[in-house]
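Student: Can you look at this prediction? I've put the sequence above it.
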Amino acid sequence: MRQNAHKAAKSSNRLTRKATRVAARKAAAAVEPLEDRKLMSASFKIGIGVNDGSSAFMNVATSKLQSLGVQTIRLYMSTNFSDHPTVGVVQRAIDYSNRGFDVMLCVTPQNGTVPSSSAVTNWFNWAMGQSSLKNAVDRWEIGNEPDQSEYWKGSLGQYVNTLLKPAYEVLHGHGEEVVSAGPSWDTGDVQEMINNGMLNYTDYVGYHPYANGVSGVQSALAKIKSVVQGRKPLVASEWNVRGLEGNPSAWAAADAQVYNDIASTFAINYYYAAEKVNTMAGPAGIMYSNGSANQPFWNAFASFKGGGSSTPATSSSSGSSSSTTSTTTGNVAAGGTGSISGTLFNDSDSDGYFDSNESNTGARTVFLDTNGNGQLDAGEKSMTSASNGTFKFTNLAAGKYNVTRVFPAGYHLSNTTAKDVVVTVNPGQQVTGLNIGTTNKSVSSGSTSVSTAPVVSTPAPSPAGVTVVSNGPTMNSLKFVDSRGNGIAGLTYVTGDKVISLASLSTLDVNVVAMASAAANSMNLSLNGSSRVDNLLGFTFLPESNSNYTTFHLKPGKYVFSGQAFNGKNAVGTAGAVKTFTITFT
């Protein structure tokens with residue numbers, strides 16, 4: 001009885017807060033715009049994106065989120081605007097609200113398909129007729145990352161006028177608050193949306209301040225403030241620091257360090273994410289699906305209650321299943337100096353790939369081209385490749401390095417039209433698999449990064465060391481991404497063999513992420529017979545040797561991607577079956 005009374009009291013308090021904001025907004029209609037914003041806008045300093053809409057996760061996560069000071073959550077649902085769901089995420093919105101959380105519901109078109117304005121109007125009219133849902137949702141986010149084709153296949157102008165405007169007109173008629181969809185990375189996309197009238201149809205401007213490193217995020221924050229100029233309050237509907245994916249300790253420390261800047265810039269911010277998942281930003285989730293802590297991100301997030309910290313603790317916290325964070329993950333150390341290693345090869349067909357019939361080039365001079373002029377100058381670090389073409393530069397401080405070799409007259413890199421391959425080494429990072437091809441033929445412009453298939457960077461497991469089980473971790477799909485990690489339309493989630501025209505793609509310079517079940521902690525990956533083991537979520541067919549993604553240049557032909565997922569690091573332990581996808585590009 002007391003529990004029901006407590007739930008009723010919390011629900012009543014939440015409805016009172018919402019009603020107060022609605023009344024304030026209506027009362028502010030005749031006052032100055034700045035005063036209107038102050039009266040109507042909510043402000044929450046600790047929010048999180050709940051990326052698992054199951055009741056099971058809600059039941060294990062609720063108390064943990066509350067203990068971390070989470071005030072508001074973001075839920076995500078996709079719709080074709082003809083369905084009228086009453087279960088799933090809709091029910092979770094009601095449930096989380098009943099548990100005392102402020103709720104923002106992101107409603108986005110299924111598969112990014114552009115709906116008709118009338119379909120949007122009808123759907124939100126239906127939603128406003130669902131009193132439990134209407135009462136549960138405190139603000140409605142209309143769409144997600146409209147700059148990404150997997151979420152929006154139209155133009156940004158279409159987003160404003162076909163999706164945002166009709167949703168706003170319905171929701172405001174019912175006193176609801178609206179948040180515009182947040183583009184990721186590029187603030188220029190927000191400016192384009194503003195140019196198309198977005199500020200007329202939203203109460204908050206959404207933005208995802210993804211950027212590489214703390215300084216990159218801080219720069220993005222300055223840019224978004226310059227673009228919006230205080231005309232509407234800002235919401236970070238997703239955020240965490242990027243560019244440190246290979247170093248969890250540094251990544252978590254950066255999240256904690258930049259938190260104060262995030263909290264002071266945005267009226268509301270939603271850290272991504274509640275649950276660790278195998279996506280670009282998903283490894284920074286603060287807990288596993290069973291509610292146990294994912295360190296060091298749990299402790300980084302816990303520091304937000306105190307305003308963040310530049311050095312979050314790595315010891316066990318409430319709900320943690322482990323007491324420490326490993327000092328190394330995969331090929332990345334938590335601190336110290338880094339290295340760059342790879343192989344020189346003779347690219348006989350000049351395609352940028354280290355093919356099985358091509359030879360290694362030993363006893364050649366490879367160097368770090370400090371001034372980027374393509375010439376070995378006095379004082380630049382150099383070495384001679386081994387007889388098998390391999391080389392390794394050690395004791396490297398964090399930073400960008402231009403890697404190339406001394407060429408005979410008439411020869412040059414086959415990987416790129418540039419003079420060097422640019423590699424970024426994060427603190428303690430051991431960059432491997434950097435193949436540098438040589439040719440005397442012209443090469444097409446494209447990636448200025450590594451454009452070869454990877455070689456083995458970790459020994460493949462022996463058959464005796466592998467236990468394959470039917471319910472083991474598995475590779476379930478492929479995601480083609482560009483150098484910034486953005487999905488490429490038509491190749492965002494590939495679940496089987498596919499034929500696709502190169503002319504239909506937005507870029508031909510790609511990396512490929514192997515999407516795997518949550519139990520996967522490493523994968524043995526093979527592209528056209530060249531293999532590597534990756535211990536880092538998300539698993540990539542090319543080493544992540546840059547702050548952005550290493551890429552290779554797609555050409556017409558058949559590409560065979562194979563992957564086997566393991567529950568242990570370095571491709572040992574229990575494994576699922578090998579999955580193979582054949583993608584033919586025409």
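Tutor: Arrived safely.

Student: Please make it C-alpha for all contacts and neighbour counts, starting now.
Tutor: Will do.

Student: Let me see the contact set for Val406.
Tutor: 364-367, 375-376 (Cα atoms under 8 Å, 6 or more residues apart in numbering).

Student: for Thr394, helix, strand, or coil?
Tutor: strand (DSSP: H, G, I helix; E, B strand; the rest coil).

Student: Show the pLDDT at it.
Tutor: pLDDT for Thr394: 90.

Student: now, which of the contacts of Val406 lie within strands?
Tutor: Counted as lying in strands by DSSP state E, out of those, are 365-367.

Student: possible to save the residues you listed as a markdown table with distance to Lys558?
Tutor: Formatted as a markdown table, those follow (distance: Cα to Cα, whole Å):
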| residue | distance to Lys558 |
| --- | --- |
| Thr365 | 34 |
| Val366 | 32 |
| Phe367 | 34 |
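
Student: State the pair within the contacts of Val406 that is farthest apart.
Tutor: Greatest spatial distance among the contacts of Val406 (Cα to Cα): Arg364 and Gln375, at 14.1 Å.

Student: Which strands or helices does the helix or strand harbouring Leu171 pack on?
Tutor: Using DSSP states H and E, the element containing Leu171 is helix 165-173. Other helices and strands packing on helix 165-173, by 3 or more Cα pairs under 8 Å, 6 or more residues apart in numbering; DSSP states H and E, are helix 117-128, strand 177-180.

Student: Looking at whichever helix or strand comes after the first one now, give me its mean pLDDT.
Tutor: Following the chain from helix 117-128 toward its C-terminal end, the next helix or strand by DSSP H and E is helix 131-136. The average pLDDT for helix 131-136 rounds to 94.

Student: Pull out the buried residues from helix 131-136.
Tutor: Neighbour-count burial for helix 131-136 flags 132-136 (criterion: 16 or more other Cα atoms under 10 Å).

Student: Strand partners (parallel or antiparallel) of the helix or strand just after that helix?
Tutor: Next helix or strand after helix 131-136 toward the C-terminus (DSSP H and E): strand 139-142. Looking at strand 139-142 with DSSP bridges, its partner strands are strand 102-109 (parallel), strand 177-180 (parallel).

Student: outside of the shortest one, which residues touch it?
Tutor: Read it as strand 177-180. Residues outside strand 177-180 that contact it (Cα under 8 Å, 6+ apart): 138-143, 164, 168, 171-172, 198, 201-206, 235.

Student: Ser249 looks like it's in a strand, true?
Tutor: No. Counting by three-state DSSP, Ser249 is not found in a strand; it is helix.

Student: For the helix holding Leu171, list every residue counted as buried.
Tutor: Applying 16+ other Cα under 10 Å to helix 165-173 flags 165-172 as buried.

Student: and the closest residue to Lys165 other than its chain neighbours, what does it touch?
Tutor: Using Cα to Cα, 6 or more residues apart in numbering and skipping residues adjacent in sequence, the residue nearest Lys165 is Tyr201, 5.5 Å away. Residues in contact with Tyr201, defined by Cα under 8 Å, 6+ apart, are 160, 164-165, 168-169, 178.

Student: Over to Ile46?
Tutor: Counting by Cα under 8 Å, 6+ apart, Ile46 touches 69-72, 268-270, 304-305.

Student: Could you dump those residues into TSV with distance to Ser184, secondary structure and neighbour count added?
Tutor: Converted to TSV, the contacts of Ile46 look like this (distance: Cα to Cα, whole Å; DSSP: H, G, I helix; E, B strand; the rest coil; neighbours: other Cα atoms under 10 Å):
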residue	distance to Ser184	secondary structure	neighbour count
Gly69	26	coil	16
Val70	23	coil	23
Gln71	24	coil	18
Thr72	21	strand	26
Ile268	16	strand	25
Asn269	14	strand	30
Tyr270	14	strand	28
Phe304	22	helix	23
Lys305	26	helix	14
